[in-house]
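Asks: Generate coordinates for the sequence data below:
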Amino acid sequence: MKKFEIVTVTGGLGFIGKHFVRRCLEQGCFVRNIDKVSYAADLTVKEEFEQHENYRLYEVDVAEIDYLPESDVIVNFAAESHVDNAITSNHAFCVTNFLGTQNLLELVRSKQVNERPLFIHISTDEVYGDIIEGKHDENHRLVPSNPYSASKAAADMLVKSWGRTYGINWQILRPTNNYGEHQYPEKLVPKSAWRMRRGQAALMHGDGSYIRSWLHAEDTVDAIMTVMEKGERDSIYNVGSNIELQNIEVLRAIAKHLNVPEDIAWKSTGNRLGQDVRYSLDDQKLRSLGWEPKREFFSELPGIIDSFDFKRFA
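Replies: Residues are numbered from 1 along each chain as shown. Below you'll find the predicted structure:
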């Protein structure tokens, strides 16, 4: 990280972003965080970061910010990311995920060539759509299945085209499904655990057979650091996982830890519109740089469940 002394982060109060900000501060970087402090912002970590002398918060929407402070690298985490929300109300996803990225790219382009930061865009495995067998590598075409993944795929295209047209240096990471401590309770693990703890059934899409890969947020941060330090410019990296689980297997593990009988632990809400059956990534390109996930899902899950605190959020 020595060559990245000044780091600009967008969405640094969000789930993966806050893990990345903390890591950068621990490594002695000066961090500027552009975050509109939305409903999913972690207010506890906001207070934590603001006590650090090497941290500044710019409370503004990435689609509206009109000035990009000096930095060596900008890591764009800012996104609307919950698929269910995208299905019911997709406008915000287009604004933040697409227009927000476009605005940031233009702010980078407006700088003198030798003052432009490296632009690292955090995408998602969902841009590929689902895959029944095998794995998606970085050269597979993008076939997004819902408004969220479509907005992220469109943002990926912006990054690549701004690189080719304007010469902006970029990297794109496409991580698989992230989990970890203090995730906003709209995602499967925290939402299900919270409902079960309160005596309510968790909500399961369909029959629970849909398959997801599970990657700890700290392993994602490790991947970003690896790509920053060792990755090729103008290149895409999948960030995969060592474990694939059906959603119902995750719910069973949560129920077991909380001692909730399976017959009352969850209920089906029917299939989600545009439901992807399975995600799976070929991430050998990233692993060739020396990265691999270190955290094991079933070992981490109990601590994640026990540490959940809904009061952290707006």
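
Asks: buried set for the least confident helix or strand in the chain by mean pLDDT?
Replies: For the chain, using mean pLDDT, DSSP states H and E, the weakest element among its helices and strands is helix 83-88, scoring a mean of 89. Neighbour-count burial for helix 83-88 flags 83-84, 86 (criterion: 16 or more other C-beta atoms under 10 Å). (C-beta placed from N, C-alpha, C; glycine too.)

Asks: pLDDT weak spots in the protein?
Replies: Along the chain, segments meeting pLDDT under 70 span 1-2, 314.

Asks: Tell me the helix or strand right after the longest helix anywhere in it.
Replies: Among all segments of the chain classified by DSSP state H, the helix with the greatest residue count is helix 147-166. Going down the chain from helix 147-166, the next helix or strand is strand 170-175, by DSSP states H and E.

Asks: what about the strands in the stretch 151-300 of the chain?
Replies: Under the criterion DSSP state E, counting those that start in this stretch, the stretch 151-300 of the chain carries strands at the ranges 170-175, 178-179, 202-204, 211-213, 215-216, 235-239, 244-246, 266-268.

Asks: I120: helix or strand, and which one exactly?
Replies: If you go by DSSP H and E, I120 is part of strand 118-122.

Asks: Direction included, what does that strand pair up with?
Replies: Within its sheet, and counting by DSSP bridges, strand 118-122 is paired with strand 73-76 (parallel), strand 170-175 (parallel).

Asks: now the ones you listed as a markdown table including distance to R252?
Replies: What follows is the strands paired with strand 118-122, written out as a markdown table (distance: least, C-beta to C-beta, whole Å):
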| stretch | distance to R252 |
| --- | --- |
| strand 73-76 | 35 |
| strand 170-175 | 25 |
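
Asks: from those, which stretch is densest packed?
Replies: Burial of those is given as mean neighbour count (mean count of other C-beta atoms under 10 Å); strand 73-76 ranks first at a mean of 26.

Asks: Send me that strand as PDB with only the CA atoms.
Replies: What follows is the C-alpha trace of strand 73-76 in PDB, where atoms were taken according to Å, rounded to 0.1, in the frame of the first residue of the first chain:
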ATOM      1  CA  VAL A  73      -6.700   5.500  -6.200                       C
ATOM      2  CA  ILE A  74     -10.500   5.600  -6.000                       C
ATOM      3  CA  VAL A  75     -12.300   2.500  -5.000                       C
ATOM      4  CA  ASN A  76     -16.000   2.600  -6.000                       C
END
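
Asks: So what touches it?
Replies: By C-beta atoms under 8 Å, 6 or more residues apart in numbering, the surrounding residues in contact with strand 73-76 are 4, 7-11, 17, 20, 62, 68, 101, 104, 108, 117-122, 224, 228.
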